[in-house]
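Enquirer: got a predicted model here, sequence first, then my questions.
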Amino acid sequence: MSVSVLAARADEYLGHVLLDDPVFATEQRAWAADLTRNTPEAFSIELGDDGTTIDGDTGLARATLRVRWKMPGAGERHVSFPARFVRRDGRWLYAGRAWERLEVPGLVVLYADGLDRAARNVAEVMPEIMAHVHEGFEIAPHPDRVQQIKMYRSMRELQFSIYPSYTQSLSGWNEPGESIKLLTGPGAGGRQLRALLAHEYGHVASFLLGEKMNEAPWWVLEGVAELASEHVGRSSRATDRLMRRFARDGNLADWDAISDFHTVEPALTPMVYVQGHHMLGYISERIGRNGRNRWLRAMAQGLSLDEATREALGMPFADLDRQWRESLSTPDDG
Ligand SMILES: [Zn+2]
């Protein structure tokens, strides 16, 4: 695995991974795909000798993985976590982290040691959150669909699970076909946990609208997720107050500057969420929930932002943007 990583040979790396679980397979493909964009200059994996078990009869093994790596121009990083291996055709394949597991209908919660209570809290509130988000986006996922949630205790391990070059701080993560990944402590619960889950499930729901959703501008994707969590997270009123202040101070972002996940200036990252949320709310007010969902679905099916805006609102995006900016400088009517 280390040799494949250092040579940025994604397919060769994936040849060492058990890809039976489509969610883990999607995560590992994304992990490997980043190697060609960002190749580590050092990467090593060691098996710890504590708690190693190998069962030759079942072909299952477990061991602590200690991974050390270094990206060009950055310091060395390391993580260690319990990992599973499965023997297939005489070879041991990496099967990911050895998780604790909790299941309820429609949901599998995989969690790190010590997060039992937080995992129960997730399993308890998630069905209601999912139902709320389905209603908001007018979707009805297949009744057999099972949402996977992975709960990490370590920021570094969560970052590493995305790909070795990932360094931004985060509390949650979701990409098409991947699990919802959360960073939580043992006591996670209450409103803060519900807001995090609703945000991440908002991403899941948006990806269910169509295969091209992830190609929409980043502010659309985060605006959708913020909209999905506004009933428990930052309210639309709070967002409106913030945006009116930004407008007054001349601090609105250009949409192009908050559109590409890979190039947005770190200082503008908060605007991806706040300004995106506000525009999603503005569109919802103008053409209703159904119209907004039509706008989103158009992008999810491959239309550009401008094309989707012409289709759902009957105007180019530049006109919508102008009217939105005007609305921010007129007195708040409610
Ligand atoms: Zn998000």
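Expert: Structure's in. What do you need?
Enquirer: how near is Gln28 to the ion?
Expert: 21 Å (C-beta to the ion, to the nearest Å). Bear in mind the C-beta positions are built from the backbone N, C-alpha and C, glycine included.
Enquirer: near that residue, how many other residues are there?
Expert: Neighbourhood size, Gln28 [other C-beta atoms under 10 Å]: 23.
Enquirer: buried set for stretch 107-118?
Expert: The neighbour-count check on stretch 107-118 (16 or more other C-beta atoms under 10 Å) flags Leu107, Val108, Val109, Leu110, Tyr111, Ala112, Leu115, Ala118 as buried.
Enquirer: which two from these end up farthest apart in space?
Expert: Leu107 and Ala112 (17.3 Å; C-beta to C-beta).
Enquirer: can you pull the contacts of Gly210?
Expert: Arg297, Met299, Ala300, Gln301, Gly302 (C-beta atoms under 8 Å, 6 or more residues apart in numbering).
Enquirer: circling back: filter the buried residues of stretch 107-118 down to the ones in strands?
Expert: Leu107, Val108, Val109, Leu110, Tyr111 (DSSP state E).
Enquirer: assign a three-state SS to the nearest residue to the third one once chain neighbours are set aside, would you?
Expert: The reference is to Val109. Once flanking residues are discounted, Val109 sits nearest to Leu102: 4.3 Å by C-beta to C-beta, 6 or more residues apart in numbering. Counting by DSSP: H, G, I helix; E, B strand; the rest coil, the backbone at Leu102 sits in strand.
Enquirer: Leu102 contacts Arg120, correct?
Expert: Yes - counting by C-beta atoms under 8 Å, Leu102 touches Arg120, with 6.9 Å between them.
Enquirer: so between those two, which is more surrounded?
Expert: For Leu102 versus Arg120, neighbours defined as other C-beta under 10 Å are more numerous around Leu102 (18 against 15).
Enquirer: so who does the more buried one touch?
Expert: Val108, Val109, Tyr111, Ala119, Arg120, Ala123.
Enquirer: spell out which parts of the chain neighbour the ion.
Expert: Taking C-beta under 5 Å from the ion as the contact definition, the chain meets the ion at Glu222, Ala225.
Enquirer: low-confidence ranges in the chain?
Expert: 332-334 (pLDDT under 70).
Enquirer: now with 50, please.
Expert: Along the chain, the model assigns pLDDT under 50 to residues 334.
Enquirer: look through it and tell me its longest strand.
Expert: Per DSSP E, the chain has its longest strand at strand 76-88.
Enquirer: which SSE is immediately downstream of that strand?
Expert: Following strand 76-88 in sequence order, the next helix or strand is strand 91-97 (DSSP states H and E).
Enquirer: helices or strands next to that following strand in the packing?
Expert: helix 22-37, strand 76-88 (3 or more C-beta pairs under 8 Å, 6 or more residues apart in numbering; DSSP states H and E).
Enquirer: what are the buried residues along that strand?
Expert: Leu93, Tyr94, Ala95, Gly96, Arg97.
Enquirer: returning to that earlier point: of the contacts of Gly210 - the most surrounded one?
Expert: Result: Met299 is most packed of these (other C-beta under 10 Å), 26 neighbours.
Enquirer: for that one, list the residues it contacts.
Expert: Gly210, Lys212, Met213, Glu215, Ala216, Val220, Leu305, Ala308.
Enquirer: before we move on, what about Met71?
Expert: Contacts of Met71 (C-beta under 8 Å, 6+ apart): Asn38, Pro40, Glu41, Arg77, Pro164, Ser165.
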